[in-house]
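In: The sequence and its predicted three-dimensional model are supplied below.
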Protein chains: 2
Amino acid sequence: MQDLLFDFISKYISLTDDEKNAILSLDIFRSVKKGTILLKEGQKSKDSYFVLQGCIRTYYVVDSEEKTTAFYTEMDALTPPCVISKTPSEYYISCVEDTILTVSNSDMEVEVNSKFPKFDAMCKILSEELLAKQRIDFDAFKTSSPEQRYMNLIEKRPDLIQRVPQYQLASYLGIKPESLSRLRARITQKK
Amino acid sequence: MQDLLFDFISKYISLTDDEKNAILSLDIFRSVKKGTILLKEGQKSKDSYFVLQGCIRTYYVVDSEEKTTAFYTEMDALTPPCVISKTPSEYYISCVEDTILTVSNSDMEVEVNSKFPKFDAMCKILSEELLAKQRIDFDAFKTSSPEQRYMNLIEKRPDLIQRVPQYQLASYLGIKPESLSRLRARITQKK
DNA sequence: TTCATTTCTTAACTTAAGTGAAGAACCTGT
DNA sequence: ACAGGTTCTTCACTTAAGTTAAGAAATGAA
């Protein structure tokens, strides 16, 4: 399991065995059951996540309705905004499936970063890449219709359609579950 | 004008006079006329921008129609995704108003960062903050209707409504200009 | 397996956005 | 001030999403 993490890191920097051991000694690997809530609205947290296997989602509760805004699957990293802003969380994080992930808190990162400047450099590159990627996603969302967004999802993240409940996908696409259901019927009709 | 930049930087790190002079010697300040196109679709670029005064926008051209996805105003930083991915740009950047900005390219940044590690640290914090902020914006967009998005814009960036043409605001809100016009009429009606 | 709960679909109706077209209002440069 | 272009609004019509409600299908736990 650890190898997944090291394979990912090796795309950015190379680690010595000593460095790998230092990371392992932090004891950051966690295995969490489907449905587990990792973060609740109103909570403060310093934890960042990296998904090794499984799927987690972030969602808001507005008028007692869940609004899912993102899914994080294999090799996705998530640092909740509340960790950066040091304010209570606006949203929930929960496990869509049984999931194996790493949990690292910001204090730990400060320590690791001071010991391994390489690691700090990797985090910088990573967040710049994520910023650019997210910008592209946001732009694509703005400039397309719900139907186009769904088609795009089939293309880019087909796994999500299989592993995630429709009602969660719906708000991820910015619509209601009933509309997604209709939209899907419309598409299969066309073919 | 330079002071605006240094005031901004001082929120993150403190600069010595030597460091300030080093930055000034890079000759990064530019003054650009309204309508100037800073980046075209298909172009490669290494340039990042920081707006000191004025407003620039990013837009895609889809079916010969402009789709505006973002506005950058005073104290906003923009590194186009194509700079990160090193691929041709998918979008245009143009000036909504006469604008004063800094233009820095990634080679320069490598040089500055190696001379001033502080500066590198600032960039890291900045991109983490931007990532979190953009995530919040994206989530808010997904979870709200065009009308709510417009109300939110009035609240959060009232200046944009004054300084930017409606048809550009429309795609920024994810709708057509006609819909924005109707939506506005609907709102003034309600009051 | 069965029962209860969760999730998904369908339908009828309402509301709002997309479309196409026309004209009004507003710049901008000469 | 004027002409030409750009931008904004309005209208009638079409299409799709929101809403409410009901029931079917799938899932999970006992």
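Out: Right, received. Where do you want to start?

In: Wait, a strand at residue A:66?
Out: Yes. Secondary structure of residue A:66 (DSSP: H, G, I helix; E, B strand; the rest coil): part of a strand.

In: what does chain A put close to DNA strand C?
Out: When proximity is defined by CB under 7 Å from any atom of the strand, chain A lies next to DNA strand C at A:145, A:165, A:166, A:167, A:168, A:177, A:178, A:180, A:181, A:182, A:184, A:185. For the C-beta atoms, the positions are set from N, CA and C on the backbone; glycine is no exception.

In: Tell me the bridge partners for the residue nearest the centre of chain A.
Out: In chain A, the C-alpha closest to the average C-alpha coordinate belongs to residue A:72, at a distance of 2.8 Å (CA atoms, centre = their mean). According to DSSP bridges, residue A:56 are recorded as the beta-bridge partners of residue A:72.

In: Buried among the residues of chain A next to DNA strand C? Make that a ChimeraX selection.
Out: Taking 16 or more other CB atoms under 10 Å in any protein chain shown as the burial criterion, the selection of buried members of these in ChimeraX is written as:
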select /A:167,168,180
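
In: nearest to chain B, of the residues of chain A next to DNA strand C?
Out: If you rank these by distance to chain B using CB to the nearest CB, residue A:145 comes first, at 9.3 Å.

In: hmm, back to that, so the residue nearest to the centre of chain A sits against residue A:78, correct?
Out: Yes. Using CB atoms under 8 Å, residue A:72 is in contact with residue A:78, at 4.9 Å.

In: Can you give me the buried ones in the longest helix along chain A?
Out: Longest helix in chain A by number of residues (criterion: DSSP state H): helix A:117-142. For helix A:117-142, the neighbour count (16+ other CB under 10 Å) marks A:118-124, A:126-132, A:134-136, A:138-142 as buried.

In: Which two of the residues of chain A next to DNA strand C have the greatest separation?
Out: Spatial extent of those (CB to CB) is set by the pair A:145 and A:165 at 22.3 Å.

In: ok and the lowest-mean-pLDDT helix or strand in chain A relative to helix A:117-142, angle-wise?
Out: Scoring the helices and strands of chain A by mean pLDDT, DSSP states H and E places helix A:106-115 at the bottom, with a mean of 86. Computed with axes from the mean of the first three to the mean of the last three CA atoms, to 10 degrees, the direction of helix A:106-115 lies at 130 degrees from that of helix A:117-142.

In: Need the contact partners of helix A:106-115.
Out: Identification of contacts with helix A:106-115 by CB atoms under 8 Å, 6 or more residues apart in numbering or on different chains yields A:22, A:23, A:26, A:28, A:46, A:48, A:83, A:119, A:120, A:123.

In: Kindly report the same for stretch A:84-95.
Out: In contact with stretch A:84-95 (CB under 8 Å, 6+ apart) are residues A:32-45, A:49, A:54-61, A:69, A:78, A:80-82, B:128-129, B:131-132, B:136, B:139.

In: Could you do stretch A:120-131 as well?
Out: Stretch A:120-131 has contacts (CB under 8 Å, 6+ apart) with A:9, A:12-13, A:77, A:109, A:113, B:79, B:84, B:120, B:123-124, B:127-128, B:130-131, B:134.
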